[in-house]
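> any chance you can model this:
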Amino acid sequence: MQHGLSKVMKLEHYARDLSKEMSNLPPNVDLQKKLRKDLLELIMRDKFYPAKVKQFKDWPLIALKAEINRIERVKIDPQMKRSTPDWNKYKKAIAELTLEYKRKKAELVAAKYGLAKTISKWFR
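Take a look at the predicted model:
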């Protein structure tokens, strides 16, 4: 039993160390831009409402993914309401998201999960 617990503990330490090393790597901006472009192409192809790419300018990647999921759900379920997204949702929410990000980062630093610099790379 003790041998199994020590193996688990070693794996846990290895995973934590690997996570810290990976967080020190710079974010791949080109990959994020390509992903954003691909998500926008999917939305433009499958949308059921009038929209232009520039309307999604302020949307984060997670919101674009959520919009793609919403479009797919509406296509599958004909009873769902076919409405346009709230275009101003992310314009006014940027300040709120920034405050939430800073709070989460401070909590992680306080819990000693890593340095503020490395933690900020986790959320990108």
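> just give me the neighbour total for the residue nearest to residue 97 when sequence neighbours are not counted.
In space, and not counting its chain neighbours, residue 97 is closest to residue 60: 7.7 Å by Cβ to Cβ, 6 or more residues apart in numbering. C-beta here means a position set from N, CA and C on the backbone, and glycine is covered the same way. For residue 60, the neighbour count with other Cβ atoms under 10 Å is 13.
> buried sites along whatever helix or strand residue 39 lives in?
In the assignment (DSSP states H and E), residue 39 maps to helix 29-46. Within helix 29-46, the residues scored as buried using 16 or more other Cβ atoms under 10 Å are 39, 40, 42, 43.
> dump these into TSV; add pLDDT as well.
Converted to TSV, the buried residues of helix 29-46 look like this (pLDDT from 0 to 100):
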residue	pLDDT
39	91
40	92
42	92
43	92
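> between those residues, which sits nearest residue 32?
residue 39 (10.5 Å; Cβ to Cβ).
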